[in-house]
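Colleague: The sequence isn't on hand, but the structure is:
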C-alpha cells in the first residue's frame, strides 16, 4: 500500500478555487439589504481552498489507503462482506429514480413507491413475515424500531408490566443497547457450553414482566439453535414476543424463515445479506418485518396499494409514529431490490447454501491449527478461539494484524465475548475455493510463524501506510479536528 | 451457476467431500425438519442484467424527476447544485466497499475523511467537536436531546413549533419510549413565541430545540431564548441548515450547546428522502456524552501521524446496555459527499451559494406577491424559503404548477391547520430568473 499523509486543509492556498457558478442577473444587492446585520456572520467559514485537481488527487490517494471488498478477501464475521454488484450502483443512479424529492405529489413518484412496495413484499416472503417497513436506517435502528413495536403491542393490550427484554450473552452489542434506548430493562442470560441458549436458564427468567427475547439464529457463533421451536413456545407461553436479529440471514435464505421459526418481529440488514455496499460505515438500511399482530403499530407512513395506485398511508392510529425523516434509506433500497431480482428464488437459496459450504470448508481446514471451541457443523460463519496449543503469548490481535501483511482484511476479533481470543470468520458465498485455499494457507503459515518468531506477529503489520496505532494516546490526548 | 457465486458444481462436490458431507443438505441437518421451508420462495426467477435495467427504467419512467421539473420544493430536502466530482470520488470502490474502519492500519482513507468531516462541521458550526455523522437530521436531533437529558440529568425537552414537523414527529416517537417529556412551544408570526417559552422553561428543562432558519425559512432571533434556557441551566440545541452557515452566525455565536442538522444539502442527491446524513457537534466539555463514532488523531508505532476510532468506551459494543446510544454506524459515504462538497465550494463558494439563495428567494417572493393574489404569510427575515398564502387551495395551486412542469411548494396546511392555504417555496442557487418568472406567471394566472 502506498503512503500518503496529507489532510485536505494542508493543501489549501488562498485564492484557489474548485467551483464555478453561472452568471446571475438577480444577484446584485448586498446581503445586508435582505437580512439584518445581527444575523450575519462577518467571518468566512474556514474551509479549504483548493483546485479540482487537488481534490481528485487527494481523495484518490486517500482511497488507496483503504481496503474494500473489491480490494480482496474480507472474512469479517457477522458483517457479511460479500461482493457488491456494480449494476446495482448503476440502477440506483438512474436519474428518474434518484433525483426525486421526498415530498413530491404521489402521482409523480409511482415508480419509487412501486419499488418500495415490491421490495417490502420480497423481504416479507424471504423471511416469512407478514409485512415489512423500510424506514429504519441501519440494523441497530431496526432493532430499536422492532423493540418499540413490541412495547406498543403489549401496551395496546393494557399489559404494562412487561418491561424486560431477555438478551443472550452471545448477542451483538447493539441488542442490549437498543433495548435500553427503547426503554426496557435488560436480562442478560448465559449461553450453555455449546454456545446455545440454555432452556433451563431461559425458563428461570421467563415471567409476566418479560416483553420479549432477542435472538440471532444462527447465533453469533454461527450455530443454529436446535431448540428453536421449544424456545419460541416457551417465550410465547409466557406472553412474550420473539425478536429476530437478521444479521445472520445469509445462512438461511430459502432454507428456513424466521417467520416459520416463531419470530414475531425482525430486522434485515440490506447492507449485509442483500449486497449493498457498506460505504466505510454507512449508509445501511434496516427494514423491519412483523407478523400480523404487530402490523397496526408499524411506523408511518406505510406504503400501500389502492386502486392500482401506490400511496403513502399516514392514517394509522396505532402506529408508533416515525423513527426517521421521510421513508428510509431509499437509495439503498434500489440496490437491494436489484440484487434480489438478479438472484431470483434459486439464486437466493444458492447464496445461503454456498455461504454455509464455504464456511464449513474453511472451518474444517483451520481447526487443526486454531482452537475450535465448538466443533460441529456451522452455518455461514464460525468462531475460532485463537491459536492452538502453546504459542508464547501471541494473541488473536497479532494474528489479525499479521493477516493484513499478507493482503487480507482480518476476521472479526474478540467477538462474541463468550469465546476467548475469538476469531470470527465469515467467507460469504462470493468467494471462490481458490481464494479460500490461499487464505487458509496463510492462516496456517501464521500459526507456524507464531511458534518460530513471535515478533513477526507482535509487530505486524509491516507493509501498511501506518502501523499499529496508539489507541490509548488517541483517547487520552483528544485531537478530533485539524487545527493549524 | 450464478454470476456472483464463483464456486462451480465440481468445486462444491470437492468441498463437500473434503468436509465429509454427502450433500449440501447435510450441512442444514441441524435445522429441525418441521421448521424448514419445503417450497421455493415466491420471489421469481433470476433477471439478467438486460432485463433488470429494462425493469428499473420502466419504474423510473413512472416517476417525474427534479431534472424534468423545475423544483421549488424544499422543506428539509433541497435541490442544491452537486459538483460532478462527488460521484467520481464516492464510487471509488475503496471508499464504497469498505467496512467501518475498525482495522485502522488499512482504513486510513475512511478515517482521514471522517477527521476532515469532523473538522469541517466544527468550522461550520463554530463548535469544538463533531461526531462522524448520524442517520439524518431528525435522528441527530433526537440524539442531541437525549444527550441534553443525560448531561443535565433532567427529563424534559422543549421544542419550538417552528421546528420541522418531521423532526418533531421523530422526537415524539423516541421520547415516548424513553419516558422523556416533550413540550412544544407555540409560535407567533412565524417564529418561536419567546414569552411562552419563558413561561414553560424551568429547572426541569434539559434543553430547548430551535431550528434556524426555521421550517418556514425564517431566521430566528435567539438572543432571548439563549438567556432563558441558560438561566435555567438547560442546553440550547440549534437545528441548522449547513448551507445557511455560509453567511449566518454560527450556532456557537448564537450560544448553542449542541448544533445539529440535516446534511443532505451538502452534495447529497435528493434520493426520495435518503440516505442523507445528520450532523451533531458540541463543546469540548460534553465530548464524552456525545453519541456516535468519533475519529481521533494519534501516532503509530513508528511515530507517524495516524487516525483511529476513539472514545469507543462510550459505545454499544463495549458498554452494551449502558451505552450512550445504540447507534453503531455512521453515514460514511454521505459524509464523504459532504466533505467533497464543502471542499469543492471552499469558503468563498459556500458563501456565494448561500448569498445567491438569499438573493434569488427574495426576488421570487417579490415577484410572486407583486399582484397581491399571493401574500407573504409572515414578515420576517428569511434565508432560502418563504411561505405565502392565497384564497386558492394549496393543492389546486400545486396541481396547476405541475401541469406547467413546476414542482410547487410544500403544503403547510398538512402540518399547521391554521395556515390552510399556505405554501412554502424554496429557491436554491440553482433556480434562474426564467424559472422564477415562470413560477410567478403561472401563479398570477390562477383563479
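Modeller: Structure's in. What do you need? As the structure is a computational prediction, the values presented were derived from the model and not from experiment.
Colleague: With adjacent residues omitted, what lies nearest to residue 295?
Modeller: Picked chain A for this. In space, residue A:295 comes closest to residue A:131 once its chain neighbours are excluded; the distance is 5.0 Å by CB to CB, 6 or more residues apart in numbering or on different chains. The way it works is simple: take the backbone N, C-alpha and C, and place the C-beta from them, glycine included.
Colleague: meant chain B actually
Modeller: If you skip the residues right next to it in sequence, residue B:295 has residue B:114 as its closest partner in space, 4.3 Å away by CB to CB, 6+ apart.
Colleague: now residue B:182, what's its secondary structure?
Modeller: Under the three-state scheme (DSSP: H, G, I helix; E, B strand; the rest coil), the conformation of residue B:182 reads as strand.
Colleague: meant to ask about residue A:418, not that
Modeller: Put simply, residue A:418 is coil when judged by three-state DSSP.
Colleague: dump the residue contacts of the residue of the stretch 251-400 of chain A found nearest chain B.
Modeller: Proximity of the stretch 251-400 of chain A to chain B (CB to the nearest CB) peaks at residue A:326, 2.7 Å away. Neighbour list for residue A:326: A:102, B:77, B:136, B:166, B:272, B:273, B:274 [criterion: CB atoms under 8 Å, 6 or more residues apart in numbering or on different chains].
Colleague: Touching, the residue nearest to residue A:295 and residue A:123? I think so.
Modeller: No. Taking CB atoms under 8 Å as the definition, residue A:131 is not a contact partner of residue A:123, at 9.7 Å.
Colleague: what domains does the record give for the chain?
Modeller: You didn't pick a chain, so chain A it is. The record's domain split for chain A, according to automatic domain parsing, is A:8-63, A:87-342.
Colleague: Not quite, go with chain B.
Modeller: Using automatic domain parsing, chain B is parsed into the domains B:9-61, B:70-81+B:348-444, B:85-340.
Colleague: list the contacts for the residue of the stretch 51-200 of chain B found nearest chain A?
Modeller: Proximity to chain A, evaluated over the stretch 51-200 of chain B using CB to the nearest CB, is greatest for residue B:60 at 3.0 Å. The contact partners of residue B:60, by CB under 8 Å, 6+ apart, come to A:94, A:95, A:96, A:97, A:111.
Colleague: Same question for residue A:228.
Modeller: A:217, A:261, A:262, B:32, B:35.
Colleague: Touching, the last one and residue A:258? I think so.
Modeller: In this case it means residue B:35. No. Using CB under 8 Å, residue B:35 is not in contact with residue A:258; the gap is 10.0 Å.
Colleague: what about these two, which has more around it?
Modeller: Of the pair residue B:35 and residue A:258, residue A:258 is the one with more neighbours under other CB atoms under 10 Å in any protein chain shown, namely 27 against 17.
Colleague: Need the pLDDT of the more buried one.
Modeller: According to the prediction, residue A:258 has pLDDT 98.
Colleague: Check residue A:418 too.
Modeller: Per-residue confidence for residue A:418 comes out at a pLDDT of 89.
Colleague: what are the phi and psi angles of residue 299?
Modeller: Because you didn't say which chain, this covers chain A. Per-residue torsions, residue A:299: phi -60, psi 150 (degrees, to the nearest 10).
Colleague: that answer is for a different chain, and I need it for chain B
Modeller: For residue B:299, the backbone dihedrals (degrees, to the nearest 10) come out as phi -130, psi 150.
Colleague: show me the contacts for residue 419.
Modeller: Using chain A. Under the contact definition (CB under 8 Å, 6+ apart), the residues listed for residue A:419 are A:195, A:221, A:373, A:383, A:385.
Colleague: that's the wrong chain, I wanted chain B
Modeller: B:377, B:387, B:389, B:412, B:413.
Colleague: so residue A:151 touches residue A:184, yeah?
Modeller: Yes. Residue A:151 lies in contact with residue A:184 (CB under 8 Å); the separation is 7.3 Å.
Colleague: So for these two, which residues contact both of them?
Modeller: Taking CB under 8 Å, 6+ apart as the contact definition, residue A:151 and residue A:184 share the neighbouring residues residue A:211.
Colleague: Which strand residues bridge residue A:306?
Modeller: For residue A:306, the beta-bridge assignment (DSSP bridges) gives partners residue A:309.
Colleague: What is the three-state secondary structure of residue A:61?
Modeller: Taken by three-state DSSP, the conformation at residue A:61 corresponds to helix.
Colleague: wait, isn't it in contact with residue A:4?
Modeller: Yes. Applying CB under 8 Å as the test, residue A:61 and residue A:4 come out as touching, 4.2 Å apart.
Colleague: ok, which stretches of the stretch 251-400 of chain A are helices?
Modeller: Assigned by DSSP state H, counting those that start in this stretch, the helices in the stretch 251-400 of chain A fall at A:258-261, A:330-366, A:396-405.
Colleague: how about a markdown table for the contacts of residue A:228, with pLDDT and distance to residue A:44 added?
Modeller: Below are these laid out as a markdown table (pLDDT from 0 to 100; distance: CB to CB, whole Å):
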| residue | pLDDT | distance to residue A:44 |
| --- | --- | --- |
| A:217 | 96 | 55 |
| A:261 | 97 | 59 |
| A:262 | 98 | 60 |
| B:32 | 95 | 66 |
| B:35 | 96 | 63 |
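Colleague: Mind picking the one among the residues you listed that's closest to residue B:88?
Modeller: Compare each of the contacts of residue A:228 with residue B:88 using CB to CB and the shortest gap goes to residue A:217, at 41.8 Å.
Colleague: sec struct for that closest one, please.
Modeller: Per three-state DSSP, the secondary structure class of residue A:217 is coil.
Colleague: Not counting its neighbours along the chain, what's nearest it?
Modeller: For residue A:217, ignoring the flanking residues on the chain, the nearest one in space by CB to CB, 6+ apart is residue A:225 at 4.9 Å.
Colleague: Just to check, the one you found is in contact with residue A:232?
Modeller: No. Between residue A:225 and residue A:232 there is no contact under CB under 8 Å: 9.7 Å.
Colleague: More neighbours: these two, which one.
Modeller: When neighbours are counted by other CB under 10 Å, residue A:225 comes out ahead of the other of residue A:225 and residue A:232, with 22 against 19.
Colleague: can you tell me the helix or strand for the nearest residue to residue A:28 once chain neighbours are set aside?
Modeller: The shortest distance from residue A:28 to any residue that is not its chain neighbour, by CB to CB, 6+ apart, is 7.8 Å, and that residue is residue B:359. Secondary structure assigned from DSSP states H and E places residue B:359 in helix B:332-369.
Colleague: How far off centre is that helix?
Modeller: With CA atoms, centre = their mean, to the nearest Å as the basis, helix B:332-369 stands 16 Å off its chain's centre.
Colleague: Next secondary structure after that helix?
Modeller: strand B:375-376.
Colleague: I'd like to know how many residues surround residue B:441.
Modeller: The number of residues packed around residue B:441, counting by other CB under 10 Å, is 12.
Colleague: Counting neighbours, what do you get for residue A:24?
Modeller: The number of residues near residue A:24, taken as other CB under 10 Å, comes to 16.
Colleague: swap in residue B:48?
Modeller: For residue B:48, the count of nearby residues is 10 (other CB under 10 Å).
Colleague: and it, how far is that from residue B:54?
Modeller: Distance check for residue B:48 against residue B:54: by CB to CB, to the nearest Å, it reads 10 Å.
Colleague: hang on, the earlier thing: take the contacts of residue B:419 and keep only those in helices.
Modeller: Among the contacts of residue B:419, none falls in helices (DSSP state H).
Colleague: Mark which of the residues you listed are buried, thanks.
Modeller: Burial by neighbour count, judged by 16 or more other CB atoms under 10 Å in any protein chain shown, picks out B:377, B:387, B:389, B:412, B:413 from those.
Colleague: Go through those residues and say which is closest to chain A.
Modeller: residue B:412 (11.5 Å).
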